[in-house]
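> Next comes the sequence, and after it the predicted model I'd like to discuss.
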Amino acid sequence: MKKRLALALIPFVLVVSACAGSGAPNDYDEAVRSNFIEACTTQGEASNDPAELPAICECSYKGLVDTVPYDTFKEFDDSLRDDPNTAFPESISSIFADCLRDSL
């Protein structure tokens, strides 16, 4: 179930998270973080997913900030916006998987 959660969250979270405020962000900032966490938890709640979801979402965001340059995140987010079937880089999907595994 948790693996399914990760796969369900990734597309929704990334597309929503970079759309922060009236101006386009040029780095991870509080608006990007807030949108990411809100989208992540909302998507999880809609799927009746575990109570650990807020911690999983925080962990995933921290993993992105720590390991994925913002330009890479933004480029992938833009690609995903243009084509929802865009393949996910292992570097991004592994962050979600690691956070889910750590929540067990």
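That came through fine.

> quick one: average pLDDT of the helix or strand harbouring F76?
In this assignment (DSSP states H and E), F76 forms part of helix 70-82. Taken as a whole, helix 70-82 has an average pLDDT of 84.

> in the helix or strand following it, what counts as buried?
Per DSSP H and E, helix 70-82 leads on to helix 90-102 as the next helix or strand towards the C-terminus. For helix 90-102, a neighbour-count test (16 or more other CB atoms under 10 Å) marks 92, 95-97, 99-100 as buried. Just so you know, the C-beta spots here come from the backbone N, C-alpha and C atoms, and that holds for glycine as well.

> Then stretch 32-42?
Neighbour-count burial for stretch 32-42, counted by 16+ other CB under 10 Å, picks out 32-33, 35-37, 39-42.

> quick one on the thing from earlier: and the helix holding F76, what other elements does it pack with?
helix 2-17 (3 or more CB pairs under 8 Å, 6 or more residues apart in numbering; DSSP states H and E).

> moving C-terminal of the helix it packs on, what's the next helix or strand?
helix 30-46.

> how much does that next one deviate in direction from helix 70-82?
Going by axes from the mean of the first three to the mean of the last three CA atoms, to 10 degrees, helix 30-46 is angled at 50 degrees with respect to helix 70-82.

> Just list what helix 30-46 packs against, helices and strands only.
Looks like helix 30-46 contacts helix 2-17, helix 53-67 (3+ CB pairs under 8 Å, 6+ apart).

> Convert the C-alpha atoms of the shortest one to CSV, please.
Put plainly, it is helix 53-67. Output of helix 53-67 as CSV, limited to C-alpha atoms (Å, rounded to 0.1, in the frame of the first residue of the first chain):
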residue,chain,number,x,y,z
LEU,A,53,1.7,10.9,5.8
PRO,A,54,2.7,14.4,7.1
ALA,A,55,6.1,12.9,8.2
ILE,A,56,6.5,11.2,4.9
CYS,A,57,5.8,14.4,3.0
GLU,A,58,8.2,16.4,5.1
CYS,A,59,10.9,13.7,4.6
SER,A,60,10.3,13.7,0.9
TYR,A,61,10.6,17.5,0.6
LYS,A,62,13.7,17.5,2.7
GLY,A,63,15.2,14.8,0.5
LEU,A,64,14.4,16.9,-2.6
VAL,A,65,16.0,20.0,-1.1
ASP,A,66,19.1,18.0,0.0
THR,A,67,19.7,16.0,-3.1
